[in-house]
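*Asks:* What follows is a protein structure lacking sequence information:
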């Protein structure tokens, strides 16, 4: 797991990236797979629920779910570059006191994070070397549902991921992308009592909502 370091993550997800995402969210709100996850979770019910998002970035998904009726949210981020813009968005939406933001490696230290009704990993597993550990931690922390977005397992997506990793190595950047097998992740989730409740497939990404059987 040493291939991905906090400095590597900061190189890819720096302050300028956070500011750009915040500007886009202010103009257009959620889009694409994030919008699909929000709507899928809301359709199954979010009122009064607690939300835990791993790698939520600026926190747009959390804001949408809180405004749809969720009670509170916790964000766990491996780096701190999103914090300033995330706190600004929280204040703009008058959600102060309902969002807790933590800096930690959730996959390695999940025991320090409280459980929640809904756990979200949106485009996060593809940036983490140990998908099994991350999925297991998500399922052990979720009382009701786990929502994930991961790359599709097509040959051209694997090729693109491999080429990106070659570039990262050449630039000595401590970051890698991964196309983890979905079946292996579902096996981990199944061992924790979760099954697929909803599944959306796009050209690049696929999103799933898992619920306790």
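*Replies:* Ah, there it is. Predicted, not measured: the structure shown is a model, and the values here were computed from it.
*Asks:* Only C-alpha atoms from now on, for both contacts and neighbour counts.
*Replies:* Will do.
*Asks:* Identify the single longest strand in the protein, thanks.
*Replies:* Longest strand in the chain, counting residues (DSSP state E): strand 142-151.
*Asks:* from the chain's centre, how far out does whatever helix or strand comes next after it sit?
*Replies:* The helix or strand immediately downstream of strand 142-151 is helix 155-170, counting by DSSP states H and E. How far helix 155-170 lies from its chain's middle: 21 Å, per CA atoms, centre = their mean, to the nearest Å.
*Asks:* Show residues contacting helix 155-170.
*Replies:* Contacts to helix 155-170, defined as CA atoms under 8 Å, 6 or more residues apart in numbering, come from residues 151, 174, 175, 176, 177, 178, 179, 204.
*Asks:* Then stretch 137-152?
*Replies:* Residues contacting stretch 137-152 (CA under 8 Å, 6+ apart): 33, 37, 41, 106-107, 110, 114-126, 157, 179, 189, 192, 194, 201-212.
*Asks:* Now find how far off-centre it is within its chain.
*Replies:* Taking CA atoms, centre = their mean, one finds the center of stretch 137-152 at 9 Å from the center of the full chain.
*Asks:* my guess is residue 80 contacts residue 105, does it?
*Replies:* No: contact criterion CA atoms under 8 Å: residue 80 and residue 105 do not qualify, at 11.6 Å.
*Asks:* Tell me if residue 79 really is in a helix.
*Replies:* No: Residue 79 is assigned coil when assessed by DSSP: H, G, I helix; E, B strand; the rest coil, not a helix.
*Asks:* neighbouring strands for the longest strand of the chain, and are they parallel or not?
*Replies:* As defined by DSSP bridges, the strand partners of strand 142-151 come to strand 116-122 (parallel), strand 205-212 (antiparallel).
*Asks:* Looking at the ones you listed, which is nearest to residue 183?
*Replies:* strand 205-212 (12.4 Å; CA to CA).
*Asks:* chain center to that closest one: distance?
*Replies:* Strand 205-212 sits 12 Å away from the centroid of its parent chain (CA atoms, centre = their mean).
*Asks:* Quick one: end-to-end length of stretch 189-204, please.
*Replies:* In stretch 189-204, first residue to last residue: 22 Å (CA to CA, to the nearest Å).
*Asks:* So which residues of this protein form helices?
*Replies:* Ranges of helices in the chain, per DSSP state H, are 6-12, 15-28, 32-44, 60-67, 83-92, 106-109, 131-141, 155-170, 182-191.
*Asks:* The closest residue to residue 12 other than its chain neighbours: how many residues sit nearby?
*Replies:* Spatial nearest neighbour of residue 12, excluding adjacent residues (CA to CA, 6 or more residues apart in numbering): residue 175 at 7.8 Å. Neighbourhood size, residue 175 [other CA atoms under 10 Å]: 23.
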